[in-house]
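# predicted model and sequence below, questions to follow.
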Number of protein chains: 4
Amino acid sequence: HAGGEAGRSSRPAPSLSDSFRSTRALSLALAEHLSDADATIQSMEDASPAKWHLAHTSWFFETFLLRDHLPGYRLFDERFPFLFNSYYEAEGQRIARFSRGMLSRPALDECIAFRRAIDHAMESLLGREDCAPLIALGIAHEQQHQELLLTDIKHALFQNPLGPAMFDRLPDTPQHKGEGWIEHQGGIARIGQDCADTRFCFDCEGPRHRVLLEPFRLSRSLVSNREWAEFIADGGYRDPALWLSDGWAWVNREGVEAPLYWHGDDHFTLAGWQPRDPDAPATHISYYEADAFASWAGKRLPTEAEWEVAAADADPAGGQQMDRAETVQPAATPDLFGSCWQWTRSAYLPYPGFSPAEGAVGEYNGKFMSGQFVLKGASCATARGHSRPSYRNFFYPHQRWQFTGLRLAQDI
Amino acid sequence: HAGGEAGRSSRPAPSLSDSFRSTRALSLALAEHLSDADATIQSMEDASPAKWHLAHTSWFFETFLLRDHLPGYRLFDERFPFLFNSYYEAEGQRIARFSRGMLSRPALDECIAFRRAIDHAMESLLGREDCAPLIALGIAHEQQHQELLLTDIKHALFQNPLGPAMFDRLPDTPQHKGEGWIEHQGGIARIGQDCADTRFCFDCEGPRHRVLLEPFRLSRSLVSNREWAEFIADGGYRDPALWLSDGWAWVNREGVEAPLYWHGDDHFTLAGWQPRDPDAPATHISYYEADAFASWAGKRLPTEAEWEVAAADADPAGGQQMDRAETVQPAATPDLFGSCWQWTRSAYLPYPGFSPAEGAVGEYNGKFMSGQFVLKGASCATARGHSRPSYRNFFYPHQRWQFTGLRLAQDI
Amino acid sequence: HAGGEAGRSSRPAPSLSDSFRSTRALSLALAEHLSDADATIQSMEDASPAKWHLAHTSWFFETFLLRDHLPGYRLFDERFPFLFNSYYEAEGQRIARFSRGMLSRPALDECIAFRRAIDHAMESLLGREDCAPLIALGIAHEQQHQELLLTDIKHALFQNPLGPAMFDRLPDTPQHKGEGWIEHQGGIARIGQDCADTRFCFDCEGPRHRVLLEPFRLSRSLVSNREWAEFIADGGYRDPALWLSDGWAWVNREGVEAPLYWHGDDHFTLAGWQPRDPDAPATHISYYEADAFASWAGKRLPTEAEWEVAAADADPAGGQQMDRAETVQPAATPDLFGSCWQWTRSAYLPYPGFSPAEGAVGEYNGKFMSGQFVLKGASCATARGHSRPSYRNFFYPHQRWQFTGLRLAQDI
Amino acid sequence: HAGGEAGRSSRPAPSLSDSFRSTRALSLALAEHLSDADATIQSMEDASPAKWHLAHTSWFFETFLLRDHLPGYRLFDERFPFLFNSYYEAEGQRIARFSRGMLSRPALDECIAFRRAIDHAMESLLGREDCAPLIALGIAHEQQHQELLLTDIKHALFQNPLGPAMFDRLPDTPQHKGEGWIEHQGGIARIGQDCADTRFCFDCEGPRHRVLLEPFRLSRSLVSNREWAEFIADGGYRDPALWLSDGWAWVNREGVEAPLYWHGDDHFTLAGWQPRDPDAPATHISYYEADAFASWAGKRLPTEAEWEVAAADADPAGGQQMDRAETVQPAATPDLFGSCWQWTRSAYLPYPGFSPAEGAVGEYNGKFMSGQFVLKGASCATARGHSRPSYRNFFYPHQRWQFTGLRLAQDI
Ligand SMILES: [Fe+3]
Ligand SMILES: [Fe+3]
Ligand SMILES: [Fe+3]
Ligand SMILES: [Fe+3]
């Protein structure tokens, strides 16, 4: 990705209806690359079957839009909420998370039929003003699940000794490495976003509030596979002095010696096993690894406020993000957004004055505010247009099946 | 089944070639009732995906017949032995048992193509005398996996809250309950079978040897669902005095209150959830449950020698066994064979003078001789013709996803 | 505690030598209430045997003072570092954490002999200027382990169905409940402490730095047992809407229905089972419970910066803290310090510009900066004089065997 | 031991009263070598604290003799049955097995006071004919717990990196290796024992019954440490062809490479770490190891019937057994009894016609009849006089903290 996107992001945003339709279509396009069996398997409790993502995102529209706002609407299948509710306690009982991989039925085709029915029913709500906020939420939700679908199926296919591919080839993405540092003089700045001021944001991004920063600099480049290989060669995974205590326990318990998906000079991608490009950003690393690398490099991870302030003028729709159903794989980029999510040293906690949204959708973000760290930016698997500077992605410090990498910072 | 079978078993046995072809065809017929996704899922470590059974049985013929005995034979796919070897250490490394459920590829169609190629190549070995023993072993092996395929997919479909069915209806099997007892005066008898004396048997069935029995009687009927309901109603699952110590720990750890697949007055079958017939044999019970029931009833389980001696004149191809691809579900029967495997109180141990077969196939039975109990007879999911009086089926005392039931015995 | 303490804290601080001697003596006084067997048992991986605390704190002085700074010093026992190193990777291999409970030898008497030898040898270092910072660290370290010794043995004795007591009676502590709120207008404030500016602080308390606060108020009282009982009676432990997602999973997995040590109207104390005083602060609650309670009360937990700023003028040696070897049990107090540690909503993370101390002692705090939350104040089991406003205690959100409680906050 | 024992066993058996007193005294003598802390720790769920053994055996006499047969008897402490009942469901609730190690109270002294009170009260029952069978059972029970006390404390002390010793030196036991084989021509024999025919036996030893044997021979020597070292050197622990499937899984899961307690040329004993005598019997081996060794040696394990028939004329009180409180450690012996328990290939199952004793003591043996294997003989830790040819010891195939070894057999 290069100059094209800057122009793109200044183009008028698509209408909500168009966003709905194109987002829904993209999910289906992803599904076309999967067999019924591919779409059924679940490789770990953190991941879900592709089929489940396709149906769950439809359940979301059915539940929070059609059921609640379309008079006379009848559920597509009364048994589906039990299957496809993820974690909304207010919406009742649901299948145990690790049993999602047992759903050989409904078949992928039936899930797609469910999607079609929802799409059809949604047409009558797309123009309603009162529904617009929830529709925007549903679109953002579906985009998040597109990214999860890709990272979950990557993890599932990786379990297969045959190393099967979802797509038949890697994209031909040029590498453009950023150079040097973005410097910031510190002082009082504003971060976060009030949902009232924007077309859409998640509740956890607000309220917009003041923060006090000390002078810092943020690297214009992501840490590369080459640098990571140096960290390994220098004994990075064997020196406890570099690691957080929980991280060192994790390394030893799991026998970690490299990022997830690395094997020799190859790594596993959505196009199967491929040679690893030393210039591409290192990804599929945990917070523990990111922190240890930063210690080894004599730097540190940025805070979420530093990252957001530094990205104030960056194009959130720039860089390498997902535009269509093809292999997603990170490349070096001078952009702050894209290629991979970037670990910050900030715990995912409520902003001053935060309160969750009303109703069941209030469970979307707020209840996850313990034990996780914030990631900023966007990845090669993020639907372009989905992210923004105030965006707060979050994962537990040991998780690394997402496209996660790091960008170093330091005090000035 | 009724009078017909007695005649059937006196008919000339089919040729080895015919057995091979009909057995292989029956596996395919079972697969026709499953989608690619159905055939991929694995519900627990004890179970395997249907697809895996289809391919593993073909790997068995490829490895022990084609590779070893057909000059110039080339493997269908060099990666398949890693995927489809079950537990033969002498045949090299293989996929972890609980990762079989991650094999969305090869697809069911590809597994069937593998089967077709093996069937075709096997034609040139079917007439060879020197191969006959291994072909007979491969057929018996495939029949065992047909039974496992049915019990494994039943367990997998049971995990699905939708309760999906493999077959669209229950068979219309008449109930013919056996009455009274078979009595035996004890004394020295012979059990077991030498493989040299018969068309085929497993190595663990021999050597044929003498045993000393005390007078006993064996019930002509299997314990029924009605009797089992009485056991439950009488507090059978809550009285530790009835249970083995390991069984009582299992009941409490797992919260067991009824046979597997029971819910209210219904139970789960390969035709989905169905009302439970009180006259049908109680099945899907563990050894612990069988033993507790026998204690409650003031009786005991038979030994394997008692059962075999009592069955000396029974028709092993009689009773309710599997003839075609349809729902298998046990019915009351006066036959000793069929409907369900019957727990004995005999541990699965080597007979006097036993030594395993030579080579990798020596791992078939002998290495499992600790911690398991012998079951006798045959079940509704056993391919008719597969079993015989000397047959020794074996499972761990907590396992109950097979069609397992019990027939009471007592001292005279 | 009452008026007396305010005067006490304005008295001149004791000399380092006196602190060393009185701290060491207090540990021994605690040990006098324990048998060899009491001092040996370990009830969970998070806890350590009392004997181990006594020896480990001596190992700390032996390693970082005597070995490194007293020429010609010979180890008391060359095998002890393996036994009594806690988590200092730079100091070599050590016994697995959960095997500490297997150390029936050395006996409690031998551990005390070890202490005596260390105390004697330390006399020659007590006056050395260059050793003063490490001696101060060793004293603070031992005070932390005094608190752990008390909370660990409480947990161990609680496992015993006899409910044995360490002390024979509860102290007669008057209840003085604080009323109303401390208000703060927000703005830029300074928190943290540079170790160079003070007699002693831990590295993680610094650097002192600016923070930006919004207007808030902090309760002058701790949440009481009476209020907690209302939370329970109102279904607080059964309403997922009040809980963080990880907290709700914890409640259900562990079957949590009340604070640790509650049973009916009684609770377990170091003086055995006792009636629960409704006016006393609720303690032994996890972060998850504290957060759920705050949600139920329509308030929130304070941040660590809010708490510290509000406590700028509070007497850190005031309130109910540990002065001698007797039962410690929290009472209502108008003080900010004392009675119990107070959960904040701040994750335990590095302050801007933080870097760990040099050498092995650099592992003291910094490597624990992931996944934990900060607690402020001091508890009834904290050695009086140990804490201060900048003090950062930290535990994982599920842990509750410490004297942990909460003080509510809200936005103005 | 040598000629002396043969004479000893022909001496008149001691009276029941004398047996009671000497057995009770021996337990106390063992306890004298342990501190309160030693007697408190529990190293695994299979083991119990020494203190618990001392109290549990007293609880047995209190419950089944004093409470049930001594009019007006009042319990020593009403809380003790909850603590010291082992597994008698009919005797009510009890402490979780793995919490026995949390009992720092009652102290060892208090447990001894409990013993003294029971001993005193028992005096009035010792002469009563109606109590004799239960007293004999209580004595045998206490002897079993003496052996467990020794093997449990050995396991606990082994966890301690200091390798502490219970006794200060090894006994000076001469090695007398047996040579050659005992041959038996097979045929019908009688094994087992009816309790009515003898002073005492356990219910599981009967009924005496006929068995049919084929010709076999049984080694006159136990497998030695030297032979075991050859097995290791020959790759015995790395060749799956030698192992049962469950055994191979156990070896790999636990990383087993040698018998328990081996390290280099030393092994851990009750006198601490000691050089290993190559001529002494290999002990602390699991059934899996014993079976693998026998496969490697081209032999097999005997059945329990073979062992018992071969031992019909052996002196059950001969060989190396426990006479006093000193280090027990096996030595080479020509005796069938003593030095170590010997694995048989027989599962521990009910004999024909077996029914458990009436009442709670019926739980003593019968409920353990699944999943375990029979061991014959006696060990260096067995109280001399405790065992006999019909004795059936039993453990799970993975357990090896007892003094377990093997004696080879083969078909003739
Ligand atoms: Fe979702
Ligand atoms: Fe197989
Ligand atoms: Fe410490
Ligand atoms: Fe006992």
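Great, that's in hand. Ligands and ions are numbered 1, 2, ... in the order given.
# which ones are touching residue A:295?
Residues counted as contacts of residue A:295 (CB atoms under 8 Å, 6 or more residues apart in numbering or on different chains) are A:241, A:242, A:243. C-betas here are computed from N, CA, C, even on glycine.
# doesn't the first one belong to a helix?
It refers to residue A:241. Yes. Counting by DSSP: H, G, I helix; E, B strand; the rest coil, residue A:241 is part of a helix.
# how much space between it and chain D?
25 Å (CB to the nearest CB, to the nearest Å).
# isn't that residue up against residue C:356?
No. Assessed by CB atoms under 8 Å, residue A:241 is found out of contact with residue C:356, at 9.6 Å.
# more neighbours: the two, which one.
Taking residue A:241 and residue C:356 together and counting by other CB atoms under 10 Å in any protein chain shown, residue C:356 has the greater number of neighbours (18 against 15).
# isn't that one up against residue C:362?
Yes. Between residue C:356 and residue C:362 a contact is recorded at 3.8 Å, counting by CB under 8 Å.
# overlap in contacts, those two.
Jointly contacting residue C:356 and residue C:362 under the rule CB under 8 Å, 6+ apart are residue C:203.
# got a list of what residue A:306 touches?
The contact partners of residue A:306, by CB under 8 Å, 6+ apart, come to A:184, A:213, A:216, A:218, A:344, A:409.
# next: residue A:410.
For residue A:410, the contact set (CB under 8 Å, 6+ apart) comprises A:216, A:217, A:299, A:300.
# what does the stretch 251-400 of chain A put close to chain C?
Contact residues, the stretch 251-400 of chain A versus chain C (CB under 8 Å from any CB of the partner chain): A:287-288, A:291, A:345-347, A:349-350, A:352-353, A:367-371, A:373, A:397.
# how about a cut-off of 6 Å?
Listed as neighbours of chain C in the stretch 251-400 of chain A under the rule CB under 6 Å from any CB of the partner chain: A:347, A:352, A:353, A:367, A:368, A:370, A:371, A:397.
# JSON lines for those residues, including pLDDT?
Below are these laid out as JSON lines (pLDDT from 0 to 100):
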{"residue": "A:347", "pLDDT": "98"}
{"residue": "A:352", "pLDDT": "96"}
{"residue": "A:353", "pLDDT": "94"}
{"residue": "A:367", "pLDDT": "94"}
{"residue": "A:368", "pLDDT": "96"}
{"residue": "A:370", "pLDDT": "97"}
{"residue": "A:371", "pLDDT": "97"}
{"residue": "A:397", "pLDDT": "98"}
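# and the spatially closest residue to residue A:211 that is not a sequence neighbour, how far is that from chain D?
Using CB to CB, 6 or more residues apart in numbering or on different chains and skipping the chain neighbours, the partner closest in space to residue A:211 is residue A:305 (4.5 Å). Note on residue A:305: its distance to chain D, by CB to the nearest CB, is 48 Å.
# what number of residues lie near residue A:305?
Neighbour tally, residue A:305, other CB under 10 Å: 21.
# please identify the helix or strand for it.
helix A:304-310 (DSSP states H and E).
# check which element follows that helix along the chain.
Downstream of helix A:304-310, the next assigned helix or strand under DSSP H and E is strand A:340-347.
# so which of the contacts of residue A:306 is the most crowded?
residue A:344 (28 neighbours).
# nearest to residue B:144, of the contacts of residue A:306?
Residue B:144 has its nearest neighbour among these in residue A:344, at 55.9 Å by CB to CB.
# I'd say the closest one and residue A:300 touch.
No. Using CB atoms under 6 Å, residue A:344 is not in contact with residue A:300; the gap is 10.2 Å.
# identify the contacts common to these two.
Residues touching both residue A:344 and residue A:300 by CB atoms under 6 Å, 6 or more residues apart in numbering or on different chains: none at all.
# give me the residue from the stretch 251-400 of chain A nearest chain D.
Nearest residue of the stretch 251-400 of chain A to chain D (CB to the nearest CB) works out as residue A:255 at 14.0 Å.
# tally of neighbours for that residue?
Using other CB under 10 Å, residue A:255 has 7 other residues around it.
# pLDDT value on it, please?
At residue A:255, the pLDDT value in this model is 97.
# ok, now residue A:265?
Residue A:265 carries a pLDDT value of 97.
# for residue B:191, see how far away it is.
Remark: distance between residue A:265 and residue B:191 (CB to CB, to the nearest Å) = 61 Å.
# compare the two (neighbour count), which wins?
Of the pair residue A:265 and residue B:191, residue B:191 is the one with more neighbours under other CB under 10 Å, namely 22 against 10.
# next, the more buried one: phi, psi?
phi -130, psi 170 (degrees, to the nearest 10).
# and it, how close does it get to residue D:65?
To residue D:65, residue B:191 is 46 Å away according to CB to CB.
# got it, and residue A:138?
Residue A:138 sits at a distance of 74 Å from residue D:65 (criterion: CB to CB).
# who's more crowded, the two?
The neighbour comparison of residue A:138 against residue D:65 (other CB under 10 Å) goes to residue A:138, with 25 against 22.
# tell me the secondary structure at the residue of chain A most remote from its centre.
Distance from the C-alpha centroid of chain A peaks at residue A:72, with 35.5 Å (CA atoms, centre = their mean). Assigned by three-state DSSP, the conformation of residue A:72 is coil.
# ok, now how distant is it from residue A:92?
Distance from residue A:72 to residue A:92, counting by CB to CB: 22 Å.
# I'd say residue A:39 and residue A:51 touch.
Yes. Residue A:39 lies in contact with residue A:51 (CB under 6 Å); the separation is 3.9 Å.
# mutual contacts of those two, please.
Common contact partners of residue A:39 and residue A:51 (CB under 6 Å, 6+ apart): residue A:108.
# show me where the stretch 151-300 of chain A has strands.
Assigned by DSSP state E, counting those that start in this stretch, the strands in the stretch 151-300 of chain A fall at A:181-184, A:187-191, A:209-213, A:216-219, A:262-263, A:266-269, A:272-275.
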